[in-house]
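Undergrad: my questions are about this predicted structure, shown below with the sequence.
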Amino acid sequence: MSATPVALEQNRELKTAVAARASKRIDLGMFAGILVAFTALIAGVATTGVKLSYFVQPSGILIVFGGTFGVTLVTTPRHALRNAAARVFSLIWERPANRSELIAEILACIRVARTRGLVGIEPMLEKIGHPFLRDTLRLSLDVQRGEFQTAIETKLRLRERGGEADAKTFEVAGGFAPTIGVLGTVVGLVDVLRRFSDVPSVAGGVGMAFASTLYGLGLANLLLLPLAHRIRATVAEQFETGELILEGALCLLDGVHPSLVPERLNAFLREEQTP
């Protein structure tokens, strides 16, 4: 059966949407935030007139960074550490999901399904760029509505729990880092007291000892805890996108008229879409 002009036009729309969304890009916003935070810290230290080299304390660096990594190994299973590292990598290489384009793809499938049946959308699935949308629509062709909805909702919940576990990994590490920084400070003070008879070295040693506290606070509040919050925000965004896809697939299975579908799906749109 030859394709109708409407189907050809819908296929062209799908190809355009896929091409616009297929490329990944680095999340410059996250890098800019980290850079601004550390630059502000360094600039603030520089305004005091103290040399930055004064804050370079190898013993403190070893204690804080090594100790934080060690307790993270104790508190987090190995597979969870791998998942958390992979999550950070996925944050760096952001793949934006434009919900307007997703809705357009769902509408195209629904229009074809109304004229050619559910099996009519099968050739269109390979042209859909968003993997979760593609897999969800493919599953909707093979199972009953109730089983389908249960399976997708379970998958969304598990994805959300996985993201929470990844965020918790960095949150736990961020909670230990300041305390380990205090341990580094105590070690530095012990070294100072050992040379207490040398007053000039004592004055300099106290300042160096407290650099460990700075390392712990900086590592926790400028890197680890912000990453945990960023993971949670990203997972929440992906969960909403997954709900949009599920709602669209249910519209497909329920045979909802295409003119009514936007009324159900546009609630997932935000005022500003990421291009």
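TA: Okay, I see it. Numbering: from 1, shown residues only.
Undergrad: correct me, but L219 touches G66?
TA: No - L219 is beyond contact range of G66, at 11.5 Å (criterion: Cβ atoms under 8 Å). Placement of C-beta: from N, CA and C, glycine included.
Undergrad: these two: which is more packed in?
TA: L219 (21 against 11; other Cβ atoms under 10 Å).
Undergrad: distance of the more buried one from L269?
TA: 38 Å (Cβ to Cβ, to the nearest Å).
Undergrad: by mean pLDDT, which helix or strand of this protein comes out lowest?
TA: helix 5-21 (a mean of 46; mean pLDDT, DSSP states H and E).
Undergrad: would you map the helices across this structure?
TA: 5-21, 28-47, 58-61, 67-75, 78-92, 99-116, 122-125, 131-140, 145-194, 199-219, 225-254, 261-265 (DSSP state H).
Undergrad: with adjacent residues omitted, what lies nearest to A165?
TA: Residue nearest to A165 in three dimensions, not counting chain neighbours: A80, with 6.0 Å by Cβ to Cβ, 6 or more residues apart in numbering.
Undergrad: check contacts around that neighbour.
TA: Counting by Cβ atoms under 8 Å, 6 or more residues apart in numbering, A80 touches 165-166, 169.
Undergrad: that one and L73, how far apart?
TA: Taking Cβ to Cβ, one finds A80 at 11 Å from L73.
Undergrad: what of R82?
TA: 12 Å.
Undergrad: quick check: neighbours shared by these two?
TA: With Cβ under 8 Å, 6+ apart, R82 and L73 have no common neighbours.
Undergrad: A228 reaches E164, doesn't it?
TA: No - at 9.8 Å, A228 does not count as touching E164 under the criterion of Cβ under 8 Å.
Undergrad: out of these two, which sits in the busier spot?
TA: A228 (22 against 14).
Undergrad: got the contact list for that one?
TA: Contacts of A228 by Cβ under 8 Å, 6+ apart are 167-171, 174.
Undergrad: likewise L102?
TA: Neighbours of L102 in contact, by Cβ under 8 Å, 6+ apart: 130, 133, 241, 244-245, 248.
Undergrad: let's go with 10 Å and repeat that
TA: 17, 21, 128-130, 132-133, 241, 244-245, 248, 265, 268-269 (Cβ atoms under 10 Å, 6 or more residues apart in numbering).
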